[in-house]
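Novice: kindly return the folded structure for what I paste below:
(chains A and B)
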There are 2 protein chains.
Amino acid sequence: MDKVRMGIIGIGNMGSVHIKSLVQGLVPGMELAAAADSLEEKRQWAKGILPKGFPIYNEGSEIIKSGKVDAVLIAVPHYQHPPLAMEAFRAGLHVMCEKPAGVYTKQVREMNEAAAKSNVVFGMMFNQRTNAWYRRMHELVQGGSLGAIKRVSWIITDWYRPQAYYDSGGWRATWDGEGGGVLLNQCPHNLDLLQWICGMPSKVRAFCHNGKWHSIEVEDDVTAYLEYPNGATGTFITTTADAPGTNRFEVTLEMGKIICDNANELTLHRLSTNEREFCKTARGGFDRPAAAVEKIETDGSNEQHNGVLKAFAGRVLRGTPLVAEGREGINSLALSNAMHLSSWLDKTIALPIDEDLFLEELNKRRARKGS
Amino acid sequence: MDKVRMGIIGIGNMGSVHIKSLVQGLVPGMELAAAADSLEEKRQWAKGILPKGFPIYNEGSEIIKSGKVDAVLIAVPHYQHPPLAMEAFRAGLHVMCEKPAGVYTKQVREMNEAAAKSNVVFGMMFNQRTNAWYRRMHELVQGGSLGAIKRVSWIITDWYRPQAYYDSGGWRATWDGEGGGVLLNQCPHNLDLLQWICGMPSKVRAFCHNGKWHSIEVEDDVTAYLEYPNGATGTFITTTADAPGTNRFEVTLEMGKIICDNANELTLHRLSTNEREFCKTARGGFDRPAAAVEKIETDGSNEQHNGVLKAFAGRVLRGTPLVAEGREGINSLALSNAMHLSSWLDKTIALPIDEDLFLEELNKRRARKGS
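Specialist: Numbers count the residues shown, from 1 in each chain, chains lettered A, B, ... in the order given. Alright, predicted model coming up:
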């Protein structure tokens, strides 16, 4: 095989972008081999830009059974990600899944288990991991030279959406259609980066406000407080209603502080002494450890979706690394599940969450529409 | 009267600064007339810089009864602020009180009631209100042209203190000596500015960590979530252990966003349309309201403590405005009391708080030392 034959399931916002990228040859090692959507209008759009006779199906299952593809890219509504991925695993196809991995971790855990038993490549579309500044932040924090994390703060309120966005699809921003609001639709990237850079918290206390700024039944305003296994604390703040929003991600460690502004600027305040040591040995009551400030340089590369697909092809063809393993998708979902559950039950939630309880609470909300 | 004769009660960190300022003639309309401290060492220090025979007493009560002063400045440990202030009111003396107003609002409410019945001037040492950038922020937010507040975030973690600070006095950072940690000692200023600029929240959920970074019995790490009467939300994050810390105060309103960095830089993002209106009328799902960015100019004045004292003298002599009315001291204390109570009871607290319950919980902690 010198090119991965890709079938794209779902020709919506993201599926159509991926089709265009592959048609334009923007992803080395990958070619478009089939597409599917249950809506006639979407299929017509695809026919308009693809060669005559190109395989376009009504259902993802038809692509999976077609024999025309080596892999599928799943870009359908969230609830369908795990069942389609598992169907593809059974057919021996490689799978690239759009975020979020699914809507509830119980289902995603089954998907991960199926992936582990199969012999295929399973990747997750966490395209923001290709961003040079986030990659550097990951290296700096996880590299260890800055010591343990003490505090995390991410104000990520620049996901502005007017009401028209929510009115564009009946399934949007409903418990039954998407399984959540800003946490499920916009924030899977941020929650993935949060755990990729800082690790998973052990406790979450969140305050989700449903339909606060828009006429929707799910949350559009969230403040979450996090506690990490080592005692570090954090906050994660998001909304689709702040204008202009903020994107400021700050991590304080024993040896300094990293600030990432607007996903394209990285400042490091580096201490010469570990603060934990300084605290115990300083003589003066108002002494402070000296810090040197540096703007962090990066390679500037930010390939986004096509970078993720290129790496996926590389893994299939040559065994090179993925941008994000499919099994890692469960982490950001576990975070949003914990935030939802904390808010629904009005209490602090320990991770891993009670997956059955979460599903029960989610299903209550799916059942009473418009609630 | 052409000068207010001031008696300073307490010759500690702040009292000694005020004595020096008055001796150097830095406060127009005010002169030092007496000083008091219960510690011989502090009185000796004062004798060393004051003229021979200058009235220096052991107790504040002696100044109050001396007949030598028109006003007293109370700069003793927090618990003693209200009783001394009330004693001064009874003697017909004007009172300038160091922050915090006291340790629990029940006591401070009595002080305020006594002040209201007296005919004297009562001011609170909220010197950070003299800062030009905070004054502009107050004008911008309270002025109303930016619409209602939607979100507040203050990361104020630049109160670094090593262990040596806490070891410098046995009363420091104890429930019985100070009644709290970073919230009672360092943050009264920030909590006052928060309420002065954004108004009082109606609900508080806080996570206070006691002795997390230092060997102390009170809190040195706090994350608080706030809800305002109009539905706006906020976070307030503080510690004495982050190095370097952050001071970033951000307020999002219907017509834009104000960011105050490091108490000396103010950026306004101003919308041309009210976001609430834009949200409902925008046609495109990804439309965003246009924002113009401006650096806000200020008069640059930042008189701090001497500015507060100058205004106090002005009020006594000419009836001109104070920097902060004494009765307003209860607001920042109500905030820290609510944060403590929320953390102690592990639940959300509505304001106004149950003052008897707070005092009961505080007294439990005063009784079991080292807890």
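
Novice: where do the helices of the stretch 1-150 of chain A begin and end?
Specialist: Counting by DSSP state H, counting those that start in this stretch, the stretch 1-150 of chain A has helices at residues A:13-23, A:40-49, A:60-66, A:81-90, A:105-117, A:132-143.

Novice: how about those helices, which one is nearest residue B:306?
Specialist: Distances from residue B:306 to each of these were compared by CB to CB, and the smallest falls on helix A:132-143, at 43.3 Å. Quick note: C-beta positions are derived from backbone N, CA and C, even for glycine.

Novice: other SSEs contacting that closest one?
Specialist: In terms of contact count using 3 or more CB pairs under 8 Å, 6 or more residues apart in numbering or on different chains; DSSP states H and E, helix A:132-143 is assigned the packing partners helix A:188-198, strand A:247-253, strand A:256-261, strand A:265-271.

Novice: and those as JSON lines, adding distance to chain B, mean pLDDT and mean neighbour count?
Specialist: As requested, the helices and strands packed on helix A:132-143 are arranged in JSON lines below (distance: least, CB to the nearest CB, whole Å; pLDDT from 0 to 100; neighbours: other CB atoms under 10 Å in any protein chain shown):
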{"stretch": "helix A:188-198", "distance to chain B": "15", "mean pLDDT": "98", "mean neighbour count": "23"}
{"stretch": "strand A:247-253", "distance to chain B": "5", "mean pLDDT": "98", "mean neighbour count": "23"}
{"stretch": "strand A:256-261", "distance to chain B": "6", "mean pLDDT": "98", "mean neighbour count": "22"}
{"stretch": "strand A:265-271", "distance to chain B": "5", "mean pLDDT": "98", "mean neighbour count": "18"}
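
Novice: could the ones you listed be laid out in TSV, adding distance to residue B:198?
Specialist: Compiled in TSV, the helices and strands packed on helix A:132-143 are given as follows (distance: least, CB to CB, whole Å):
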stretch	distance to residue B:198
helix A:188-198	26
strand A:247-253	19
strand A:256-261	23
strand A:265-271	27
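
Novice: contacting residues for residue A:190?
Specialist: For residue A:190, the contacting residues are A:128, A:154, A:156, A:236, A:238, by CB atoms under 8 Å, 6 or more residues apart in numbering or on different chains.

Novice: the fourth one against residue A:222, yeah?
Specialist: Yes: taking contact to mean CB atoms under 8 Å, the distance of 7.4 Å between residue A:236 and residue A:222 places them in contact.

Novice: shared neighbours, these two?
Specialist: Between them, residue A:236 and residue A:222 have residue A:339 as joint contacts when contacts are counted by CB under 8 Å, 6+ apart.

Novice: how near is residue A:225 to chain B?
Specialist: 5 Å (CB to the nearest CB, to the nearest Å).

Novice: tell me if that residue really is in a helix.
Specialist: No: read with DSSP: H, G, I helix; E, B strand; the rest coil, residue A:225 is strand and lies in no helix.

Novice: counting neighbours, which of the contacts of residue A:190 comes out on top?
Specialist: Tallying neighbours with other CB atoms under 10 Å in any protein chain shown puts residue A:238 at the head of those, with 28 neighbours.

Novice: partner residues bridging the residue nearest to residue A:151 when sequence neighbours are not counted?
Specialist: Distances taken as CB to CB, 6 or more residues apart in numbering or on different chains place residue A:252 nearest to residue A:151, at 4.2 Å, with adjacent residues excluded. Under the criterion DSSP bridges, residue A:252 forms beta bridges with residue A:151, residue A:257.

Novice: who's in contact with residue A:368?
Specialist: Counted by CB under 8 Å, 6+ apart, residue A:368 has zero contacts.

Novice: give me the local confidence score for it.
Specialist: Residue A:368 is assigned 87 on the pLDDT scale.

Novice: picking up where we left off before, contacts with chain B among the contacts of residue A:190, please.
Specialist: Among the contacts of residue A:190, none lies close to chain B by the criterion of CB under 8 Å from any CB of the partner chain.

Novice: for those residues, which one is nearest residue B:290?
Specialist: residue A:156 (21.3 Å).

Novice: can you pull the pLDDT of that closest one?
Specialist: In the prediction, the pLDDT value recorded for residue A:156 is 98.

Novice: try residue A:30
Specialist: Residue A:30 is given a pLDDT of 98.

Novice: got it, and residue A:171?
Specialist: Reading off the per-residue confidence, residue A:171 sits at a pLDDT of 85.

Novice: again with the one 10 residues further on
Specialist: Predicted confidence (pLDDT) for residue A:181: 98.

Novice: one more: residue A:175?
Specialist: Each residue has a pLDDT score; the one for residue A:175 is 97.

Novice: helix or strand: which one has the closest residue to it other than its chain neighbours?
Specialist: Spatially, and ignoring its direct neighbours in sequence, residue A:175 is nearest to residue A:365 (4.0 Å; CB to CB, 6+ apart). Following DSSP states H and E, the helix or strand that holds residue A:365 is helix A:355-367.

Novice: what about that helix, distance to the chain center?
Specialist: Its chain's average C-alpha position is 22 Å from that of helix A:355-367, according to CA atoms, centre = their mean, to the nearest Å.

Novice: neighbouring contacts of it?
Specialist: Here helix A:355-367 makes contact (CB under 8 Å, 6+ apart) with A:103-106, A:109, A:175-176, A:179, A:217, A:337, A:340-341, A:344-345, A:371.
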